[in-house]
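Asks: quick one, structure for this:
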Amino acid sequence: MEIVLENYENMIRQKSWQLVSRFNLDEIYDYEDLFDYGIEIFYDCLQKFDSLKSSFSTYLYTQLKRLNYTARKKAVYYKEIENYYNYYEGRVMQDFNIVDFYDVEDDSKLIFKFLIDKWDFEITKQEVKMFFVKELGWQYKRFEKAWQNCKKFVDSI
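Replies: Here you go, the predicted model:
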């Protein structure tokens with residue numbers, strides 16, 4: 001009997017999906033990576049297979065356990081990235097919280113708090129102004145005064 005990839009693709013898919021679910025990996029990119037690596041394992045098994053020792057499906061199934069290592073490494077890597085991001089986000093938040101220790105008007109503190117909570121580096125002054133004017137009912141003069149106070153504070157750091 002000829003050994004053909006199409007006959008074993010479902011086994012590889014199933015193992016890849018199982019690992020994506022177990023390690024909470026990305027259902028598209030990580031699944032494709034694991035599946036592709038599973039295909040590599042299939043061709044590696046095809047070269048090293050000895051029919052006297054076991055059936056090909058048994059041999060492939062045991063060799064697909066190599067995917068566990070790859071999935072675990074991805075999960076650890078993502079956890080490290082998340083920890084790194086959380087650490088630096090905390091540091092930035094700590095830096096922004098120094099506003100509380102300086103003599104900054106309450107309106108300016110509200111703007112800083114809004115910017116920190118939004119956590120969007122591409123937000124424009126116009127978007128911030130529209131929020132404070134339309135949502136909170138501020139007058140344009142009040143917003144401009146608070147914005148200038150924020151600007152002075154940032155320039156003084």
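
Asks: quick one: pLDDT of the residue of the chain most remote from its centre?
Replies: Here the chain reaches farthest from its C-alpha mean at residue 52, the gap being 46.2 Å by CA atoms, centre = their mean. The model reports residue 52 with a pLDDT of 88.

Asks: can you check residue 17 too?
Replies: So, for residue 17, pLDDT stands at 96.

Asks: same question, the one 5 residues further on
Replies: Per-residue confidence at residue 22 stands at 94 (pLDDT).

Asks: for residue 26, give its distance to residue 33.
Replies: Going from residue 26 to residue 33 by CB to CB, to the nearest Å gives 9 Å. Heads up, the C-betas are built off the backbone N, CA and C, glycines and all.

Asks: of these two, which one has the most company?
Replies: Looking at residue 26 and residue 33 with other CB atoms under 10 Å, you find the greater number of neighbours at residue 33, namely 18 against 12.

Asks: helices and strands around the helix or strand where the more buried one lies, which ones?
Replies: Assessed by DSSP states H and E, residue 33 sits inside helix 29-48. Judged by 3 or more CB pairs under 8 Å, 6 or more residues apart in numbering; DSSP states H and E, helix 29-48 is in contact with helix 9-22, helix 56-63, helix 66-96.

Asks: break the protein down into its structural domains.
Replies: 5-84, 102-156 (automatic domain parsing).

Asks: hey, least reliable of these by pLDDT?
Replies: Among the domains of the chain, domain 102-156 scores lowest, at a mean of 82.

Asks: surely residue 12 touches residue 38?
Replies: Yes. If you go by CB atoms under 8 Å, residue 12 and residue 38 touch, sitting 3.7 Å apart.

Asks: which residues are in contact with each of the two?
Replies: Common neighbours of residue 12 and residue 38, using CB atoms under 8 Å, 6 or more residues apart in numbering, are residue 64.

Asks: list the buried residues in the strand or helix carrying residue 143.
Replies: Applying DSSP H and E as the criterion places residue 143 in helix 140-156. The neighbour-count check on helix 140-156 (16 or more other CB atoms under 10 Å) flags 143, 146, 147, 149, 150, 153 as buried.
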